[in-house]
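Enquirer: got a sequence here, can you model it:
(chains A and B)
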Amino acid sequence: MSQAPPTTPTGTIYDRGYRHYEGPREGRWRRVRAIVVASVRRALGLKRNWKTKIIPFGLLVLAFGPVVAFIGIRVLVGEAVGEFATYPQYLRIVAGLLLLFAATAAPELLCPDRRQNVLALIFTRPVTRVDYLLAKLAALLLVVGLIAVVPLVVLFLGNTFTADSAATYLREHVGDLGRILVAGTVLTVFYSVVALAAASLTDRRAMATAGLLGVFLASSALANILFFTTRFDGRRWFALLSLGGAPGRFVDWLFGNGFDQGTLAQQAGLTGPVYLTEMAVVVAVAGALLTWRILRLRP
Amino acid sequence: MVTASHRRRQRRSPELVSVAQVEGLSKRYGSVQALDRVDVVVEPGCTGLVGSNGAGKSTLIKLLLGLLAPDQGRASVLGHDVAADPLGVRSQVGYLPEGACLPGDVTAADFVAFMAQLGGLPPRQARERTAEVCYQVGLDEERYRAIGGFSTGMQQRVKLAVALVHDPRLLLLDEPTDGMDPQGREDMLDLIDRVRGELEIDVLVSTHLLGDVERVCDRVVMVHAGRVLTQGSIAEVAGTTERGFGIQLGDNGPEVRDALVAAGLQVRPAGDELLVQGASDLVRDVAAERGWALRRLVPQAPSLEETFLRLQAAQGAPPPPAEAAPPTPEAAAWGARP
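Expert: Next up, the predicted model:
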């Protein structure tokens, strides 16, 4: 076999030496956005090992799965399959998932930065504590809002397009769409702010999660015990002690449903706006606590 | 948005005589006066901030970064007043903190890129610069692994990458060789040398290891118990400008010293050795002529240790036990505490 003629080797030399950065530098809101993006990834377990994805993706499946399955069946079988769940019923289910999600995601956003002392690096960049707080809040609102609003909107759209006449359904139920968005927003803000406030109190994630869920459970139990064992006029206000109950009762009122017979809510007789006010007060107090804790962070 | 050419002009403006300056700075923690009316001028180049643990070095660095507010006094860094414009300071300063400060469950590349974005780099440029800087600090393929699995030496490199990635004009390094093995320490000191020399970035190294400072710094600020003992170039502070030899000749008695002086050498006692300046040939000649055994002849760089111990004692505080014994030359070369 004849030898191939020798070719002159060609190549390029790259100088990988250090170069000063001469490119654009972004402003404050882009830096805040960087923290938001990193926090959203953290809350969803992205870019980390598979174990961190179990809870967030599990909750996403629980929130979206039934809706998607129902729509799929309805597309195949038609309206004969009946209604999956009313909007307020599904919102109540989603509210439970929101609490679980916020209780696990909020500690993930705040606690590791403190525990691993990453704040020592973050606050030596041109990032203020206010920027940090706003970024973490925005990240949690985005992710919690994803579960609070999108499954319900998907259900609404599914009902619309599988109805006999989409236009008629839309016209008759457009109020429901508005109520879905309002309820979703209220629940998102409520659970996000309260969960972040709880997470700001400790640097251990498990403690923050357990503490938050414990407070919600205990407050419900306490409200029920106090209401049903006492017999004086003002006892209906004990219903407000139940932190976990307020969102669901507000949703029921928003959609014009009465409270179920025999429950604390029905017997206390307090109306939706009262529960909304209660949630607003809780959000304000939690927000103040969260702000105070973040502003006094010392890396 | 600051343009690239503006930053180039700003990089070494001749009017900037100091990169950092504090005047009358005091800070108290409860009953401990961490800093007491400290006046320091940090000039361009590499400056060592030296003192034993608890001397106030970390407090001073945190005050320069605006992480703490002083009880009294002013601080300015690169022309920015720290109290009035802390964000301006932090956008031009890179900081390598002492101790743990890295997340365990993200990759080095992701974390350094995130910190680059916090320094103002757009996402794509942040990724590119992360790759470059990680390579420069010796983290090439390892940057795709989670930081939790890194050794101490690699973690220090990640911290250095974080400090450099947004192209700061001043680096503040707090115990950069902390917890590293001798080879790792050499590598880190080489990196600091390069940062100062090739990269034209001013450096302030806070450390209790005088050997490290002698190796890489041009100037030194010595602090003890919240006060400044002295500051100046290494040569000024060490009290000598020339290298010399540490020798052990015979029994090192007075006649040895006289003979060496007569031969034209400058002699100074130091522990169980004599420090000699002049040609080593003369030492050999004296030894040969008198028949004395020359047991040791070791090159000595100007030593900060003596100055530090002397000033510390003068301030009235007893020197800490770990630094009381004079170091052997080998220990001084490693920079290790005896």
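Enquirer: for the residue lying closest to residue B:18 once chain neighbours are set aside, give me its contacts.
Expert: Once flanking residues are discounted, residue B:18 sits nearest to residue B:41: 4.8 Å by CB to CB, 6 or more residues apart in numbering or on different chains. No exception for glycine: its C-beta is placed from N, CA and C like everyone else's. For residue B:41, the contact set (CB atoms under 8 Å, 6 or more residues apart in numbering or on different chains) comprises B:18, B:20-21, B:231.
Enquirer: nearest spatial neighbour of residue 217, chain-adjacent residues omitted?
Expert: Since you didn't name a chain, this refers to chain A. residue A:244 (7.1 Å).
Enquirer: other chain: chain B
Expert: residue B:48 is the one closest to residue B:217 (CB to CB, 6+ apart), at 3.9 Å.
Enquirer: from memory that neighbour sits against residue B:221, does it?
Expert: Yes. With contact defined as CB atoms under 8 Å, residue B:48 and residue B:221 form a contacting pair (7.1 Å).
Enquirer: now do the contacts for residue A:32.
Expert: Residue A:32 neighbours (CB under 8 Å, 6+ apart): A:127, A:131, A:134-135, A:138.
Enquirer: out of those residues, who's nearest residue B:237?
Expert: residue A:127 (37.1 Å; CB to CB).
Enquirer: near the residue nearest to residue B:217, how many other residues are there?
Expert: Look at residue B:48: counted by other CB atoms under 10 Å in any protein chain shown, it has 27 neighbours.
Enquirer: now residue A:261
Expert: Residue A:261: 7 neighbours (other CB under 10 Å).
Enquirer: that one looks like it's in a strand, true?
Expert: No. Applying DSSP: H, G, I helix; E, B strand; the rest coil, one finds residue A:261 to be coil, outside a strand.
Enquirer: report pLDDT for it.
Expert: Here the pLDDT value assigned to residue A:261 is 72.
Enquirer: tell me the SS of the residue nearest to residue B:217?
Expert: strand.
Enquirer: ok, the one 5 residues further on next?
Expert: With three-state DSSP as the basis, the three-state label of residue B:53 is coil.
Enquirer: now residue B:22: which helix or strand?
Expert: Using DSSP states H and E, residue B:22 sits within strand B:20-29.
Enquirer: shaky segments in the chain?
Expert: If you meant another chain, say so; for now it's chain A. For chain A, applying pLDDT under 70 flags the ranges A:1-7, A:14-17, A:79-82.
Enquirer: actually, chain B is the one I wanted.
Expert: Looking at chain B by pLDDT under 70, you get B:1-16, B:240-243, B:252, B:301-302, B:316-338.
Enquirer: what's the longest helix in it?
Expert: Criterion DSSP state H: the longest helix present in chain B is helix B:182-197.
Enquirer: give me the number of neighbouring residues for residue B:292.
Expert: The number of residues near residue B:292, taken as other CB under 10 Å, comes to 18.
Enquirer: which residue sits closest to it, ignoring its sequence neighbours?
Expert: Using CB to CB, 6+ apart, the closest residue to residue B:292 is residue B:250 (3.5 Å).
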